[in-house]
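Participant: task: produce atomic coordinates for the following.
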Amino acid sequence: MSWTVNAHECTRVTVVNESGLTVYDYLVKPLVPIVDYMTEFSGIDEAALRECATKSLVEVQQDLMELLSADSILIGHGLHCDLKALKLFHNRIVDSSIHFATSLVPLLRKKLVDLSMDHLGWLIQKSPTGHNSAEDARASLEVIRHVVESKQCAACSRLDSSQKGKPIAPATISQISKGRTCRRIVSSALERGPGTELQYSRP
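Facilitator: Below is the predicted model:
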């Protein structure tokens with residue numbers, strides 16, 4: 001994300017599949033002027049948006065609706081911020097920033113760089129050109145995969161309230177990005193423009 005005259009807005013969207021392979025990666029050009037590219041955190045600068053192919057936020061929303069279904073499970077770190085920037089709503093998420101929050105200080109959440117080192121031995125976010133969104137996405141996926149497979153996190157049994165306390169099985173990870181395309185959208189939010197919560201019907 002970068003800082004615009006309207007606050008934070010999305011400037012790059014990256015999606016990896018359950019194997020960690022990048023299946024979607026586009027720069028997003030905001031409709032309003034950018035005040036601070038926040039390159040240290042976004043990995044985006046003025047030259048990148050000028051020289052590389054970009055899409056509008058509405059185009060990205062449409063792409064994601066084609067790529068994911070209502071049953072797809074999104075895994076990430078700080079997904080509430082990502083979805084807010086994308087102006088999208090999705091029920092099935094696994095957020096590593098939430099599931100590793102301590103019971104004593106629930107709002108004190110570990111950074112992805114620390115979780116990656118603690119659970120995977122990965123050193124990430126060290127590039128002089130700023131964070132790499134694909135690297136962050138893979139790290140979030142693998143941290144959660146590690147926890148699910150090793151059963152180290154009791155919170156994993158509550159990833160989805162509809163499961164009613166049943167532990168998440170390792171096979172759940174394989175569902176990421178494999179959901180059927182949901183073409184029937186209950187609310188044609190894209191036609192009404194960004195900012196509308198997207199509701200899905202099951203295909």
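
Participant: tally of neighbours for Glu46?
Facilitator: When counting by other Cβ atoms under 10 Å, one arrives at 11 neighbours for Glu46. Yep, even glycine has a C-beta here, placed from its N, CA and C like the rest.

Participant: which residues touch it?
Facilitator: Going by Cβ atoms under 8 Å, 6 or more residues apart in numbering, Glu46 touches 34, 37.

Participant: hey, C-alpha coordinates of stretch 7-15 in PDB?
Facilitator: Extracted in PDB, the C-alpha atoms of stretch 7-15 (Å, rounded to 0.1, in the frame of the first residue of the first chain):
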ATOM      1  CA  ALA A   7      -5.200   7.800   2.900                       C
ATOM      2  CA  HIS A   8      -3.700   4.300   2.300                       C
ATOM      3  CA  GLU A   9      -4.600   2.700  -1.000                       C
ATOM      4  CA  CYS A  10      -3.600  -0.500  -2.700                       C
ATOM      5  CA  THR A  11      -0.700  -0.300  -5.200                       C
ATOM      6  CA  ARG A  12       0.200  -4.000  -5.600                       C
ATOM      7  CA  VAL A  13      -1.800  -7.200  -5.300                       C
ATOM      8  CA  THR A  14      -0.100 -10.600  -5.200                       C
ATOM      9  CA  VAL A  15      -1.700 -14.000  -4.800                       C
END
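
Participant: what's it in contact with?
Facilitator: 1-3, 22-30, 32, 34, 37, 42-44, 49, 57, 60, 64, 67, 81-82, 85-86, 133-134, 137, 177.

Participant: one more pass at 6 Å, please.
Facilitator: For stretch 7-15, contacts defined as Cβ atoms under 6 Å, 6 or more residues apart in numbering pick out 1-2, 23-28, 30, 42, 44, 60, 85-86, 133-134, 137.

Participant: and that stretch, what's buried?
Facilitator: 8-15 (16 or more other Cβ atoms under 10 Å).

Participant: where does the protein dip in pLDDT?
Facilitator: 3, 42, 101-108, 127-131, 151-203 (pLDDT under 70).
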